[in-house]
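Chemist: Sequence and predicted model, in that order:
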Amino acid sequence: MQIIKVPEEISIKYGQLWDGLSANVYNNGILSITNGFIKAINDHTSNVEPVLNFSHATLMPALIDTHIHLAFPYEDVQPLDQRAQQYLQAGVAAVRDAGSTCGKLSVNSSLLLLQSMGAIYKKGCYGSALGYPAENLSQALQLVDKLAKLGAKHIKIVASGIFSFKIFSKTGAATFSASELRSIVKRAAAYNLPVMAHASGDEAVRCCLEAGVSTIEHGYFMSRETLKRLAASGIYWAPTLSPVNAQLAKPELFSALSPAMREVITRSLQYHQELIAEGFALGARILAGTDAGAPGVLHGISLLEEIMLLQNSGLSPLAALQAATSKAALACQLSEAGSLMTGKKPYILVLKDNPLNNLRTLFSPEALLIPA
Ligand SMILES: [Zn+2]
């Protein structure tokens, strides 16, 4: 896998090109870049020099992981730059960080790292590993101000606990009311920041939808009624299958789980996949987010597994790929990447095969192109 920094003026010949948006694939064309931006994607002649020849390969937008924790695992001393490199090596050019207790993360990498600077959680409830406690609404709003001034690209709010591995369908309670969440969303909007809400359990997801957050993270055990509301709302949903799947797929890392707990986790994952299939059929805007850094979820390559899991949950290959490209960019307010179209920057993944026909080609990328 080559990482190529593309100059401000260049023509790239391709065999096939998928733009990240429609089911349409362009054949045997030229993508041209001028002044560092994509000028055209389907030229047949171009006078822009030099020329990069990928006429044997397929171009698509570089991938985006909408939910990671770059600072995790804390106990692993691997430098953040190395983790950033793992993303680029997997074809992932941008990631949205969902919080840690480290504050602003400094990374010397070409990876586009969208930082929350730490999540906001309700004091005494789940979330202490993810950021900063708020005892009440006024403290939560002060934290929004503080994180915005630090340069956060979004506000991450922990609106519930996690689901139980012992009792099927039991989740941690909602931690903020719909009215509190609405105030938090409003304050974040004053800084033009979207709100990324960790929410599992029906009440928490419902409160987040009522409050108008930008994305629901996890969303385990929402009711079917709430799923319908989610789909109708246009609010994005990152169902984060990877951390739950890892507990089943990598038993050596989870030896503390009893057979009964494994059974609960298996049923929980199945139920979640049913919700995803139904949500997809209802038109829900589904995102690929891995929760990388969580136990058993590796930085970088996990996103490819999450895309496969989304497909296994009923998404078409097109929708599973959009979940990690164009839809991900919209949800993360990332205007320069996520699709190949005029005016975007050249964040381009080069594959041996057309991913719409063969998702597994993502696992052996040929090159990642990023702006110089
Ligand atoms: Zn997370």
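Modeler: Right, received. Where do you want to start? Numbering: from 1, shown residues only.
Chemist: Any figure for the gap between the spatially closest residue to R83 that is not a sequence neighbour and T175?
Modeler: Nearest residue to R83, sequence neighbours excluded (C-beta to C-beta, 6 or more residues apart in numbering): H299, at 4.5 Å. To be clear about C-beta, it is placed using only N, CA and C from the backbone, and glycine gets the same treatment. As defined by C-beta to C-beta, to the nearest Å, H299 lies at a distance of 28 Å from T175.
Chemist: do S138 as well
Modeler: Separation of S138 from T175 (C-beta to C-beta) stands at 16 Å.
Chemist: out of these two, which sits in the more crowded spot?
Modeler: A direct count of neighbours by other C-beta atoms under 10 Å for S138 and T175 places T175 higher, at 24 against 10.
Chemist: so that one makes contact with G124?
Modeler: No. T175 is beyond contact range of G124, at 9.0 Å (criterion: C-beta atoms under 8 Å).
Chemist: show me what contacts the spatially closest residue to F72 that is not a sequence neighbour?
Modeler: With C-beta to C-beta, 6+ apart as the criterion, F72 has its nearest non-adjacent residue at 2.9 Å, and that residue is G293. Applying C-beta atoms under 8 Å, 6 or more residues apart in numbering, one finds that G293 lies in contact with I68, H69, L70, A71, F72, P73, H299.
Chemist: Now do the same contact list for S258.
Modeler: Neighbours of S258 in contact, by C-beta under 8 Å, 6+ apart: none.
Chemist: what about it, distance to the ion?
Modeler: Distance, S258 to the ion, using C-beta to the ion, to the nearest Å: 24 Å.
Chemist: still on that earlier bit, restrict the contacts of G293 to contacts with the ion.
Modeler: Near the ion, judged by C-beta under 5 Å from the ion, there are no entries from the contacts of G293.
Chemist: closest to the ion among these?
Modeler: H69 (5.6 Å; C-beta to the ion).
Chemist: neighbours around that closest one, how many?
Modeler: H69 - counted by other C-beta under 10 Å - has 26 other residues nearby.
Chemist: what does the model give it for pLDDT?
Modeler: H69 carries a pLDDT score of 98 in this model.
Chemist: The residue nearest to R83 should be in a strand, yeah?
Modeler: No. Counting by DSSP: H, G, I helix; E, B strand; the rest coil, one finds H299 to be coil, located in no strand.
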